[in-house]
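# The sequence and its predicted three-dimensional model are supplied below.
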Amino acid sequence: DKKIEKERREQAAAAEAARRAEEEKKKKEETADVLAEATIEGSKKDADKKIEKERREQAAAAEAARRAEEEKKKKEETADVLAEATIEGSKKDADKKIEKE
């Protein structure tokens with residue numbers, strides 16, 4: 001009877017140890033799943049931040065290009081006005097010379 005009782009206690013202890021090991025395994029798997037999900041979420045957030053940063057940079061570049069184009073047009077208009085004034089001035093000078101002659 002003592003041997004049978006001892007065997008039963010050992011089997012019960014082994015079963016309890018197996019149950020605890022299975023619980024520990026499940027906890028580790030759940031933790032790994034949570035960590036993997038957090039990593040994925042973190043990666044998504046990082047990707048979203050990078051995309052947003054690129055969008056801001058592209059918008060800034062587009063705005064800089066627009067401003068540069070406006071500046072170019074202003075300079076062209078100024079050059080046209082100066083050229084026109086120079087032509088007008090030359091015509092007046094020519095007219096004055098013709099008048100003198």
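Thanks, I have the structure now.

# Where does pLDDT dip in the protein?
Nowhere does the chain drop to pLDDT under 70.

# Please repeat the previous calculation with a cut-off of 90.
Residues of the chain that meet the criterion pLDDT under 90 lie in 1-2, 88-90, 92-93, 95-101.

# Please enumerate the helices of it.
Using DSSP state H, the helices assigned to the chain run over residues 2-100.

# now the residue most central in space within it: how far from E37?
In the chain, the centroid-proximal residue (Cα atoms, centre = their mean) is K50; its distance is 1.8 Å. Using Cβ to Cβ, to the nearest Å, K50 is found at 20 Å from E37. To be clear about C-beta, it is placed using only N, CA and C from the backbone, and glycine gets the same treatment.

# likewise A62?
37 Å.

# And for E57, the neighbour number?
If you count neighbours by other Cβ atoms under 10 Å, E57 ends up with 10.

# Next: K73.
Other residues close to K73 by other Cβ under 10 Å number 10.

# Look up how far E63 lies from it.
16 Å.

# Also I4?
87 Å.

# ditto for E84
Taking Cβ to Cβ, one finds E84 at 31 Å from E63.

# K50 now?
20 Å.
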